[in-house]
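> the following comprises the amino acid sequence and a computationally predicted model.
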Number of protein chains: 2
Amino acid sequence: MLRKAVVVICDGLADRPVPELGNLTPLEAARTPNLDKLAFEGECGMMHTLGRGKIPGSDTAHLMIFGYDIATCYSGRGPIEVAGLGMELRDGDVALRGNMGTVVDGIITDRRAGRIRVVTPLCEALDGMKIGDVEFVVKPGTAHRAGVIIRGKGLSDAIIDADPHIPDVPIREVTLTDNSPEAKKTADVLNKFLAKAHEVLSDHPFNKERVANGDLPANYLLVRGSGQYKEVESFKEKYDLTSCCIAGGGLYKGIGAFLGMDILDVPGATALPDTDIEAKFKLAVESVARYDFVFVHVKAADSLGEDGDFKGKKEFIEKIDLAVPILSGLPKDTLMVWTADHSTPCEMKAHSADPVPVLFHGGAVRADRIDAFNERACTCGGLGYMNGLDLMPEIQNLLGKLHLVGA
Amino acid sequence: MLRKAVVVICDGLADRPVPELGNLTPLEAARTPNLDKLAFEGECGMMHTLGRGKIPGSDTAHLMIFGYDIATCYSGRGPIEVAGLGMELRDGDVALRGNMGTVVDGIITDRRAGRIRVVTPLCEALDGMKIGDVEFVVKPGTAHRAGVIIRGKGLSDAIIDADPHIPDVPIREVTLTDNSPEAKKTADVLNKFLAKAHEVLSDHPFNKERVANGDLPANYLLVRGSGQYKEVESFKEKYDLTSCCIAGGGLYKGIGAFLGMDILDVPGATALPDTDIEAKFKLAVESVARYDFVFVHVKAADSLGEDGDFKGKKEFIEKIDLAVPILSGLPKDTLMVWTADHSTPCEMKAHSADPVPVLFHGGAVRADRIDAFNERACTCGGLGYMNGLDLMPEIQNLLGKLHLVGA
């Protein structure tokens, strides 16, 4: 048996009933004949990706879905972000994600420097800077984003974000979560680096030109999500499955890179509602010939939920559904899995702990009586309720990749 | 309340959809009006005997179903096999299961010596043999099977099977899974014993007569499943329930003996499709007068699944169903439990991690709306999804044998 798996994770897909949609969720209200056909032919269930009563972040949810227990594999978003930028994290390093923001007279006036499109020259000006014996590696991400690695002896990730997460407040110093000498050293060099970086960025010709053009200068690095290197078994070592990642969002490429998946480039995958879903699905169909496990990430339902835009979320889900027929080009025996990493209820404009629907299709699943893919229909499905960490073993089972326990 | 329980475990009963059966499983495709009537009158659910995403062996599954956590109670199949042969395993002993096979010029030409029917005289020739200060106890099982106990000081079960599990390969030496002196000693004496046994068996008149008759000689002992004695609480101590085991297969009698159940003899119980199910069920009906808990094992659905014989599996399930009315002779209040130890999908010809259906009947269960006993109907049952270790507490609950937690 050489069955392959295609796993489509629709970020923040699940929701709560929306009064304006007749108390249906956006997924229920959306016209999704193609997804519902998959549900009719497949087996459904529900999943708490981090367990009941835990609100998943997108990073932690994806790790758990891929079978990596965050209790041992996760130490903050920094290491995942820098992996997604192709930065090599070494034992002892501390990784951070960064925003280039605007600071005027010590006040953060814009956390994204007017949604600046490129920060490459600014990152180059900071990359390799040294404070004492500690080196700072800085690489640009998409738009205002950057990855930061602190490299040196005796460092720790036990520090609190310098990013206040809201604008119009004063810049603040990095503080500690423990009193270890390592945390003190890390906070100390990082504060010195951030002050120095502010000077360098403020004087940078790239920013002077922005100011001359009436744009906000990107003159301050806001850092958060500190985490240290952790030895993580690659997806290939863990499951004996070759894998690839088809995603637009940097975090999701980061997850794939963190687990050692091949990151496939998809022109038109923007992680926004205008993303080219058809291009992603076409690439998924092409990729099963080369990979045992294809991870496809679709982002925008989450962002629309965070905006409280239930109409936009419903419409984006309909856009996903329209692209589903492309996946009928997969080899007949392929196991297709559809799910979400978490719910992003429009009423909350944030993630919630509500479970997400799961759909297994093809690959000898025990098709059940469920004929719609949504938060309520799937509660009665044959897969029952599972946790995120259960998903990969269920997939391994259907791929014939589990070993007998006993005799 | 003096309610009794009869627990029928149909080995490998559950399956996956079979295209030739209209995408029904053998259990769904089989005509089973009597089992379905029990489902209609009873309460159903699903069970992962070892938890989601773990493929159960028959030995580990039965231990978990009976509430014995394999993490602490299981050290390989050897101890269970020898228990089933009535061999007494002592602290420090290492137990193995054995096959009498045929070796020609160092090559295993048949792992079962042409499915030899009796190996008693051959086992007698090996029983009690000594290598240094270590004694080998060898007793015959059914057909080509034997139980082996290695008895002496400083032994370990950290050895790898000498049985290659496939024919037409050279015999191989027992090797180690750790570098302890105990493992080295055990491998050393066992290798010497197996070489000596090969000589003794090759020269044995019983084998000379077989060769003269054109049969394969049973001249080599293939050993596997090494395990050491573990102190296990008896079923009676653990549950305050007297119990008996009604089974044809050696392993299942072994499970019963390992847990201290009375092993009842059933003429006609062969563990094959021709087994006398009616005789087993009649004995179950008789036995509830004497025992609180009656374990009935039915084997052949598993073997037919391992052969990929979906038609045979379906027919055997119909044969089980035809015998069900005999159980209406049980006292009215008896709790009857029907389940399987694992799925054996015909498409895999092997065990899988797919969950199995569970049915509770009688004994004041909350009868639900399920009216068929199979892998899909039971997903919506009142018992929900449970793990193997949950089953005994559910049975204890209905037998009035649980204690209050709190006040």
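That came through, no problem.
> report how many residues lie close to residue A:272.
Using other Cβ atoms under 10 Å in any protein chain shown, residue A:272 has 13 neighbouring residues. C-beta: built from backbone N, CA, C; applies to glycine.
> can you tell me the SS state at it?
Put simply, residue A:272 is coil when judged by DSSP: H, G, I helix; E, B strand; the rest coil.
> so it touches residue A:300, yeah?
Yes - counting by Cβ atoms under 8 Å, residue A:272 does reach residue A:300; the two are 5.8 Å apart.
> what strand or helix carries residue A:393?
Here residue A:393 sits within helix A:388-399, counting by DSSP states H and E.
> would you mind writing the CA trace of that helix as PDB?
Extracted as PDB, the C-alpha positions of helix A:388-399 are listed here (Å, rounded to 0.1, in the frame of the first residue of the first chain):
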ATOM      1  CA  GLY A 388      -5.000  17.600  17.800                       C
ATOM      2  CA  LEU A 389      -2.400  15.000  18.800                       C
ATOM      3  CA  ASP A 390      -4.700  12.200  17.600                       C
ATOM      4  CA  LEU A 391      -4.800  13.400  14.000                       C
ATOM      5  CA  MET A 392      -1.500  12.200  12.800                       C
ATOM      6  CA  PRO A 393      -1.900   8.700  14.300                       C
ATOM      7  CA  GLU A 394      -5.300   8.500  12.600                       C
ATOM      8  CA  ILE A 395      -3.600   9.500   9.300                       C
ATOM      9  CA  GLN A 396      -0.700   7.000   9.900                       C
ATOM     10  CA  ASN A 397      -3.300   4.300  10.400                       C
ATOM     11  CA  LEU A 398      -5.000   4.900   7.100                       C
ATOM     12  CA  LEU A 399      -1.600   5.200   5.300                       C
END
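> avg pLDDT for whichever helix or strand comes after that helix?
Going down the chain from helix A:388-399, the next helix or strand is strand A:404-405, by DSSP H and E. Across strand A:404-405, the average pLDDT comes to 92.
> strand A:404-405 and chain B, any residue contact?
Yes - on the criterion Cβ under 8 Å from any Cβ of the partner chain, strand A:404-405 is in touch with chain B at A:404-405.
> may I have the strands that pair with that strand, each with its orientation?
Here strand A:404-405 is paired, per DSSP bridges, with strand B:55-56 (parallel).
> contact partners of the helix or strand just after the strand it pairs with?
Downstream of strand B:55-56, the next assigned helix or strand under DSSP H and E is helix B:58-65. Residues from elsewhere that reach helix B:58-65 (Cβ atoms under 8 Å, 6 or more residues apart in numbering or on different chains): A:405-407, B:9, B:11-12, B:49-50, B:56, B:69-70, B:73-74, B:77, B:80, B:251-252, B:255, B:302, B:339, B:341-342, B:351, B:387-389, B:391-392.
> can I get the buried part of those as one PyMOL selection?
Buried members of these, defined by 16 or more other Cβ atoms under 10 Å in any protein chain shown, are picked up in PyMOL with:
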select buried, (chain A and resi 405+406+407) or (chain B and resi 9+11+12+49+50+56+70+73+74+77+80+251+252+255+302+339+341+342+351+387+388+389+391+392)
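> restricted to strands, list the contacts of helix B:58-65.
Judged by DSSP state E, strands contain the following of these: A:405, B:9, B:56, B:339, B:387.
> ok, how many other residues are close to residue A:103?
Residue A:103: 22 neighbours (other Cβ under 10 Å).
> so where does it fall, helix or strand?
Per DSSP H and E: strand A:94-104 holds residue A:103.
> next helix or strand past that strand?
strand A:107-110.
> how about that following strand, which residues are buried there?
Neighbour counts over strand A:107-110 (16+ other Cβ under 10 Å) mark A:108-110 as buried.
> pick out the residue of the stretch 201-350 of chain A closest to chain B.
Using Cβ to the nearest Cβ, the closest approach of the stretch 201-350 of chain A to chain B is made by residue A:333 at 10.2 Å.
> check contacts around the nearest residue to residue A:347 once chain neighbours are set aside.
The shortest distance from residue A:347 to any residue other than its chain neighbours is 5.8 Å, reached at residue A:16 (Cβ to Cβ, 6 or more residues apart in numbering or on different chains). By Cβ under 8 Å, 6+ apart, the residues touching residue A:16 are A:25, A:343, A:345-348, A:352, A:354.
> so residue A:16: helix, strand or coil?
Under three-state DSSP, residue A:16 comes out as coil.
> could you measure from it over to chain B?
As defined by Cβ to the nearest Cβ, to the nearest Å, residue A:16 lies at a distance of 24 Å from chain B.
> what does residue A:385 give?
From residue A:385 to chain B the distance is 7 Å (Cβ to the nearest Cβ).
> pretty sure that residue sits in a helix.
No - under three-state DSSP, residue A:385 sits outside any helix and is assigned strand.
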